[in-house]
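> generate coordinates for the sequence data below:
(chains A, B and C, ligands or ions: 2)
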Amino acid sequence: MAEYEAVIGLEVHVQLKTNTKMFCSCKNEFGGAPNSHVCPVCLGMPGVLPTPNEEAIIKTILTGEMLECQIAPRCKFDRKNYFYPDMPKNYQISQYDEPLCANGAVTLNLLAFPKDVQNDPKVNFDKKIRLERIHLEEDVAKSFHYDGASGIDFNRAGTPLMEIVSKADIATPEEAFAYLTALKQILIYGGVSDADMEKGQMRCDVNVSIRPKGQKEYGTKVEIKNLNSISAVRKSLHYEILRQTADVEAGVPIIQQTRRWDDGRGETFMMRTKEKAHDYRYFPDPDLLPLNTEEGLHQTAKSRLPELPAAKKSRLVADYAVTEYQASVLASEVALANYFEKAAANAKNKSAVANFLLNDYFATGGDIENIPVNPEFFSELSNLVEEGKINTKQAKEVFPKMVAENKAPSVLVKELGLSQITDTAALEALCDQAIAANPRSVADFKAGKTNAVNALKGQVMKLSKGQANPQVVGDILLKKLSA
Amino acid sequence: MSSPLYTESVASLRRKLAAKEITAVDVADQLLARIEQADGKLNAYNFKPDAAKVRAAAQAADLSKPLGGVPIAIKDVINVQGDPCTCSSKILQGYTAPYDATVIKKLREAGAVLVGRTNMDEFAMGSSTENSSWGVTRNPWDTDRIPGGSSGGSAAVVGGHEAFAALGSDTGGSIRQPAALCGCVGLKPTYGRVSRYGLVAFASSLDQIGPFTKTVEDAALLMEVISGHDPKDNTSVNRPVPKYTDALKQDLRGMKLGVPKEYFISGIDPEVEAATKAAIEHFAKQGAEIVDISLPHTEYACAVYYIIAPAEASANLARFEGVRYGNRVKNPKDILDLYRSTREQGFGPEVKRRIILGTYVLSSGYYDAYYNRAQKVRQLIKRDFEQAFTKCDAILTPTSPTAAFKVGEKTSDPLQMYLADIFTIAVNLAGVCGISIPCGFTKSKLPIGLQIIGAQWGEENVLRAAHGYEQTTEWHKELPGI
Amino acid sequence: MASPDIDVRYVADLARLNLSDAEAATFQKQLSDILGYVAQLEKVDVSSVAAFSGPVVNNLRPDVLGESLPVEVALSNAPQQENNLIVVPKMIE
Ligand SMILES: [Mg+2]
Ligand SMILES: [Zn+2]
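Ligands and ions are numbered 1, 2, ... in the order given. So this is what the prediction gives:
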């Protein structure tokens, strides 16, 4: 029996974060009362003309720069002609033969993959998925469907939309998941889009075909629509690859078609087979003059290039002495990395801050957008431990209160009465007490079982109600037992 | 006997208003009366001015403004907030413009009084104003004849003294050709000079709004008001607007005027040819230097135009389908039927013909052979003009190969109709400017127009030449029988 | 370009235009004539000519909020509306 491999390509539409629409100065905003952000231009009234939004062009170039694309020196817009009630002019202003950005790639990373495959040795976590192009266009209106009628809200019509087309480099549903996760991460890094699939800010169409392993020619491709989350993309691909494989093995030929993903049922359903090919009659939009991106636009975009995840990770390892793993997690979200850098700024042990943030804080169920804690408190807490003023066990007692009340750790330590006993005289007395009460342990130690000192140490800690400095206690005990 | 007030030019009206010889309300009243008297015969207005509104506007007009108190008619293809804008099409019945075109804003700021919407060929497609859902407009010099087109209504109201001036639009000759046929002045500005925002697009890369006037001086006055960069029109150019009336102070001496041999070949009516040649001689007598030039790709202009203009139009007119505004067919079976039937019933035959032609030349497999090739030949036509203007300041040609033809004479043969624009089309393709001024009459007293073509931003030369000719001839003083 | 073999019905369908049989027949003839006429462009040597295009100008709009229309004005021209939505027969995906 032949083994099959999948060939997957993704077409992603991304809503750009701008104040205004692509070709008019109406508000670019999610939601709003129906038809409240519209004007003659975005309603396609007779006689209106488009005026291109500078910021949208800069953000598209910035995206191209972040994704290693070539930026076209000349930017022109074309009309894509087809009739649909959600498209006011019955043509979409888009880019055809001269996309603003060409080629480029999205580099995957371990943490972009689904958790359940992050330990799978067969996965190539650093794979590069090449891009075909990125172009800029306008979005269509939103429609609502009723019995026998549809209602249209033009608030979204004309908002700026980037189309990012990958090459068919994706081989598994997990890679598709990682591609979208990594892409989203970069878009957020650049402040280009919030890229939330559930909110429709990022929309993904999938093309998938299968072929016997080793075969050069592609199989017949199937398009999947209605994918509302990154995990839906993964699930739908698993389903579709199995379905196609079963068909091919049963001798049923795959027909070119568009299928709809039903997330509730976990299945794809046929929407339509590819009828006659669309004839979009693209031609350069005569209402829009071509632009020279080398006159300022490209330069402005470059000046806004952020530090990207890979670079940030290396810098965190170098500057903060955190582990590779901690650095990857921190760099996976720009808000998290930014917070960490503030939190660790004054810490003597910055890796300890990373631990508090990544383990203790996320264990409370909080997220990074809404973290209520003054970041400086992380430095303060880790320094209290580092300076021996409290021990790590006490720190764990302080932490939840610090998060819940946004109170300085030094204040909490006092409130909780948690200062550590480092007064040698007091500790010597406790050590003497422990030695007197445990002759057996003392005998064991003298007989060469050096571990026995730990039992005595435990006793001292107990007697001090956990407030003794364990380091100092150990030193005193050894001195006394060896005397 | 002095001629009636409604025959005055804008400039003389302005002088009389300034001297308080008349009031703006007098002007409005006399014009309204004239329209009542003449428009029944001409059918030049789709929407005649509302008397009460016009009087109120005249009363309120600020006479210190450049067009203060001057009534101006608007082609029914330019959006005026709160008014209909039908483009002479059934598909836009019931549409009320929710905004002002930029030229309308400028006219209002200049104190003009807007009077009525003028008839036109549907969506500016035609050369005779016969393709109108409002019926044919008649030529004021002979009501059996067409006024030219597509801005036939604007030409007829100015030529027939139903308005002191009017705005039209010119995509392939739609201002100059009807101006020639109706015996008035019509100017097509350089592409990018006047904002297109609010002009319902026919062919976006060719359309320009321009004035119809009784004199060249009036054309200069209107150009000073309507020109200029508009951030709402990406193709409008950021370049200072000259004081065009200053260009009129110089006479013709020392001007170099080119005569292209390609414009005097077969097909041209002998009377038109004779009048044009006489005009050229007149220029020479007035001290202009006449130079022979060549525009070798002119013969292809019409073919290029009838690919590019319909292609752009096929997309521009896709928005008229009855979803958001205008006429929608009753009880459509489904959304496809809504589109197909609304457009079938809403568009006239010429519009349908051009939509099909334009859709075809852009369709898969034909784009390179038609659209792309046409855009290359267009580049050659543009280059011809650039070269010609290294040798001369302006170019003299006939405006139209014939005087006004009879209503119905060419309606069955679209190709013959298309060739009526043979002398004007190249100007739009090259993006340069041109004017048509009266230069004679046929034996049967039909006006003949002379076209003066200028380079890009060459309006001052065109106006200077046109004014120099007008001031030394009498043609523009003739009044039609209407 | 030589064969002006325009399929009027197919093209009218792309343009979402119903045609009567009579109209289709008339247009077929007229459009063939016009295409025959424009075929003269084949004679022009365009091998070293770039297609006409407007000037390259960065005439861009700053991303600053402007005025929108009040909903009632925006919808005042709509042939059919309900709940501030423009209504059409059910759209097919
Ligand atoms: Mg797209
Ligand atoms: Zn808008």
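
> skipping its backbone neighbours, what lies nearest B:H476 in space?
B:P438 (5.1 Å; C-beta to C-beta, 6 or more residues apart in numbering or on different chains). For every residue, glycine as well, the C-beta is placed using N, CA and C.

> and whichever strand or helix holds that neighbour, average pLDDT?
Using DSSP states H and E, B:P438 sits in strand B:433-441. Across strand B:433-441, pLDDT averages out at 98.

> please apply the same query to stretch A:318-327.
On average, stretch A:318-327 scores 94.

> what are the buried residues along that stretch?
A:320, A:322, A:326-327 (16 or more other C-beta atoms under 10 Å in any protein chain shown).

> what do you get for stretch A:433-449?
A:434-435, A:438, A:441-442, A:444-445.

> with stretch C:68-83 instead?
C:68-69, C:71, C:73-75, C:77-79, C:81.

> what's the local residue count around A:K122?
Residues lying near A:K122 (other C-beta atoms under 10 Å in any protein chain shown) number 6.

> that one in helix, strand or coil?
coil (DSSP: H, G, I helix; E, B strand; the rest coil).

> now B:K406: phi and psi?
phi -70, psi 150 (degrees, to the nearest 10).

> wait, isn't it in contact with B:I146?
Yes. Assessed by C-beta atoms under 8 Å, B:K406 is found in contact with B:I146 at 7.4 Å.

> measure the residue nearest to B:H476 to ligand 2 for me?
Counting by C-beta to the ion, to the nearest Å, the gap between B:P438 and ligand 2 amounts to 44 Å.

> for that residue, name its beta-bridge partners.
B:G449 (DSSP bridges).

> report the contact partners of the residue nearest the centre of chain C.
With distances taken as C-alpha atoms, centre = their mean, C:A15 lies nearest the centre of chain C, 7.1 Å away. By C-beta atoms under 8 Å, 6 or more residues apart in numbering or on different chains, the contact set of C:A15 is B:314, B:318, B:343, B:355-356, B:359.

> could you do C:V71 as well?
So C:V71 contacts A:33-36, C:84 (C-beta under 8 Å, 6+ apart).

> could you flag which of those residues are buried?
Buried among the contacts of C:V71 (16+ other C-beta under 10 Å): A:34-36, C:84.

> of those, which are in range of ligand 2?
Contacts with ligand 2 within the buried ones among the contacts of C:V71, counted by C-beta under 5 Å from the ion: none were found.

> just the ones in strands from these, please.
Using DSSP state E, no member of those sits in strands.

> pLDDT averaged over the longest helix seen in chain C, what's the number?
The single longest helix within chain C, with elements called by DSSP state H, is helix C:21-38. Helix C:21-38 shows a mean pLDDT of 94.

> any weak-confidence spans in chain A?
Confidence mapping of chain A against pLDDT under 70 gives the ranges A:1, A:275-276, A:419-422.

> correct me, but the residue nearest to B:H476 touches B:E474?
No. The pair B:P438 / B:E474 is not scored as a contact, 9.5 Å apart, by C-beta under 8 Å.

> and those two? Which one has more around it.
B:P438 (28 against 8).

> return the residues in contact with that one.
B:180, B:183-185, B:447-450, B:475-476, B:478 are the contacts of B:P438 under C-beta under 8 Å, 6+ apart.

> can you say which of these are buried?
B:180, B:183-185, B:447-450, B:475-476.

> give me the subset of those residues lying in helices.
Those of these lying in helices (DSSP H): B:A180.

> what's the farthest-apart pair in the buried ones among the contacts of B:P438?
B:V185 and B:I448 (13.5 Å; C-beta to C-beta).

> look at the closest residue to A:L180 other than its chain neighbours and say how many residues are nearby.
Spatial nearest neighbour of A:L180, chain neighbours left out: A:I230 (4.7 Å); criterion: C-beta to C-beta, 6+ apart. If you count neighbours by other C-beta under 10 Å, A:I230 ends up with 22.
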